[in-house]
Structures are given as C-alpha cells and as structure tokens.
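Asks: this one's structure only:
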C-alpha cells in the first residue's frame, strides 16, 4: 500500500464514518440535538470534500495507484451507506430510498468486478450520470444530517427532494450500466 497524501485522505474519510454515526449516540449532557446535527454535518461534509480532494491531488501530484483506485470508491460507498442507515435510524429518510441507493452501489460494484474479470472493465467505467448522482447525494446527505431550520431555509426539505432525485438517478444509472454490460453478457 503506497503511503501518500491522496491515500491518507481516503483513509481519513473511512475513519470519519464511526464519528458521523457516533455523534448521534453521545449523551445528552455532551451535545444537544442541534449540536449533534451540526457536528455530524460538519464531519460528513469535510469527508465529502476529501473525496474530491484525494482524486485531484492524486492526479496533480502524480500519486495515483492501483490501491488508491480501489480504496477511494470503497471509502465513498462506506461513508454514504453509513450516513443513509443513520438517517433511516433517525427517521429522516425512508428505508426504501436507502435500499435503492445502497443496493445500486453493491450491484454496480459487483458488475464492475465481473466485467473486469472478463477484461471489459472499461465498458462500465464511471460516467457523468454516476457523477451527477453522487453530487446530488453529497449535497442531500448533509442537509438531512443537519435537519434544523436556518431561518426560512429548510435543509431537511431540500435534502428530502435532493435525495429522492439522487435515488431516481441511482436507478437510471444502474439500468444504464447494466445495459452497457448486456452485449458482454450475451457473449460469455
């Protein structure tokens, strides 16, 4: 495992997962509800920023590695899945939406692994639709974690709509990737 700044940022992202979840289990005399929401949102947002930053730095510093290419999407999926499960636990997100998003991630990861084993990994490489879906998720989740009103702005309401758009994009992108794999499936 190469130790470089991009990989350290990815490890940081993984290490934030128990912090985001754990914040909601702190005793009431440590943090009130608003403070829990704010701290979890801040940690998740910092971790989400490292998702962009580690890839940027890996390319900019020429520190890309096979291990980093493997670990980065794993960190993203773990971070999003943990946050979604926590949001379901907090009754801020429907379990159906969480299952759609997490189920798609498992399906597409398995599809990519299978396609790579056939030498066709590039046929299901990440595309713009997947990136847009991720963008909606990474904006929606902090809003749902924060949940409190900011004057007239209701992050929970905006987060609700954004996560549902993300779920729709999740299904569309999953079917798109499955369709890309269909010609290869028919040959094997």
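Replies: Done, it's in. Since the model is a prediction, treat every value here as computed from it, not as a measurement. Numbering: from 1, shown residues only.
Asks: can you tell me which helix in this protein is longest?
Replies: For the chain, the longest helix by residue count, based on DSSP state H, is helix 155-187.
Asks: Show me the strands in the chain, by range?
Replies: With DSSP state E, there are no strands along the chain.
Asks: just to revisit the earlier point, which of the residues in the longest helix of the chain are buried?
Replies: The neighbour-count check on helix 155-187 (16 or more other Cβ atoms under 10 Å) flags 155, 159-160, 162-167, 169-170, 173-174, 176-177, 180-181 as buried. Every C-beta, even on glycine, is put in place using the N, C-alpha and C of the backbone.
Asks: I'd like to know how many residues surround the residue nearest to residue 12 when sequence neighbours are not counted.
Replies: The shortest distance from residue 12 to any non-neighbouring residue, by Cβ to Cβ, 6 or more residues apart in numbering, is to residue 50 (5.8 Å). For residue 50, the neighbour count with other Cβ atoms under 10 Å is 22.
Asks: can you check the one 10 residues further on too?
Replies: Using other Cβ under 10 Å, residue 60 has 10 other residues around it.
Asks: so what's it scoring on pLDDT?
Replies: We have a pLDDT of 89 for residue 60.
Asks: What of residue 157?
Replies: As predicted, residue 157 sits at a pLDDT of 96.
Asks: likewise the one 3 residues further on?
Replies: Per-residue confidence for residue 160 comes out at a pLDDT of 97.
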